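Enquirer: dropping a prediction and its sequence here:
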Amino acid sequence: MSMPYLGESTDIVLGQEFLTWLWYQSDTAPGAFTDKEGAPFSVSMEQRIVVQGGEGDARETASVSGSLSPLREARFGLGTGKKVSRALIRLEKEELAFQVSLKAEDFCLNSLKTPKLDKGDSDDDPDALLLEKFYLMEVCTNLLDALYARFLGLRLSSQWVKEVEDMRQWMTRTE
C-alpha cells in the first residue's frame with residue numbers, strides 16, 4: 001500500500017496491510033476462504049475496528065463500533081491514508097464460530113471467544129473441557145494462519161498491484 005516511514009517496523013506495516021486486506025476480502029467475498037486442508041470457512045469484521053493515521057504527535061486514532069454507518073465512515077478513512085490497527089474478527093467453519101481481536105503491530109490475539117463447550121461429558125473426564133478448549137483454540141489459530149498465508153502469497157506476487165487498486169475502489173465506494 002505505502003512505504004513505511006522511518007521507525008515503523010515491517011511487522012506493523014504487514015499487520016496493517018493484512019487487516020485492511022482482510023476487511024476488504026471479508027466485505028467483498030466473506031465465504032471465499034479455505035483452510036490448509038481446503039475446507040471452506042467465512043470471515044467477517046465485527047462492528048469494532050480501530051484505524052490510525054499520521055505520525056508522532058500528529059497521529060490520529062479512531063475507534064468505531066456499533067452500526068454499519070461508522071464502519072462505512074472508517075472505510076472511507078482508509079482512502080485518506082488511515083490504516084487498520086486493530087479489528088474484531090469473526091471466523092466461522094462448519095458449526096464452529098470464533099471471535100478474536102487482532103492487533104496489527106504484533107499480531108497479538110485478544111479476547112478469543114471459542115464456541116461454547118459441551119459440559120455434559122465433563123463428569124467422565126475432568127480434563128475433557130480443558131482439552132476441548134485447547135482444540136478449539138488451535139482450530140482458530142489454524143484459520144488465522146491460513147488467512148495470513150493467503151495474504152502473504154498475494155502480497156508477494158505480481159497480483160498485489162491489482163489487489164491494491166481494487167481495495168482503493170472499495171475504500172471509496174459510496175453504497
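Expert: Nice, I can see it. Residues are numbered from 1 along each chain as shown.
Enquirer: flag the shaky bits of this structure, pLDDT-wise.
Expert: For the chain, residues meeting the criterion pLDDT under 70 lie at 1-9, 54-77, 79, 120-123, 174-175.
Enquirer: in it, where's the longest helix?
Expert: Using DSSP state H to define each element, the chain has its longest helix at helix 128-155.
Enquirer: tell me the helices and strands packed up against that one.
Expert: Helices and strands touching helix 128-155, by 3 or more CB pairs under 8 Å, 6 or more residues apart in numbering; DSSP states H and E, are helix 10-28, strand 33-34, strand 83-93, strand 96-103, strand 109-113. Backbone N, C-alpha and C define where each C-beta goes, glycine included.
Enquirer: counting by contacts, list what the last one packs against.
Expert: For strand 109-113, the helices and strands in contact under the criterion 3+ CB pairs under 8 Å, 6+ apart are strand 96-103, helix 128-155.
Enquirer: just so I know, which of those lies nearest T34?
Expert: helix 128-155 (7.0 Å; CB to CB).
Enquirer: what angle do that closest one and strand 96-103 make?
Expert: Orientation check (axes from the mean of the first three to the mean of the last three CA atoms, to 10 degrees): helix 128-155 against strand 96-103 gives 60 degrees.
Enquirer: next, the angle from helix 128-155 to strand 109-113.
Expert: Going by the same axes, to 10 degrees, helix 128-155 makes 130 degrees with strand 109-113.
Enquirer: and after helix 128-155, which helix or strand comes next?
Expert: Counting by DSSP states H and E, the next helix or strand C-terminal to helix 128-155 is helix 160-171.
Enquirer: give me the buried positions along that next one.
Expert: 160, 163-164, 167, 170-171 (16 or more other CB atoms under 10 Å).
Enquirer: does the residue in the chain sticking out farthest from the centre sit in a helix, a strand or a coil?
Expert: Within the chain, D124 marks the point farthest from the mean C-alpha position, 37.5 Å out by CA atoms, centre = their mean. With DSSP: H, G, I helix; E, B strand; the rest coil as the basis, D124 sits in coil.
Enquirer: D118 versus that one, what's the distance?
Expert: Noted for D124: a distance of 12 Å to D118, by CB to CB, to the nearest Å.
Enquirer: helices or strands up against the longest strand seen in the chain?
Expert: The longest strand of the chain (DSSP state E) is strand 40-53. Judged by 3+ CB pairs under 8 Å, 6+ apart, strand 40-53 is in contact with helix 10-28, strand 33-34, strand 60-65, helix 68-78, strand 83-93.
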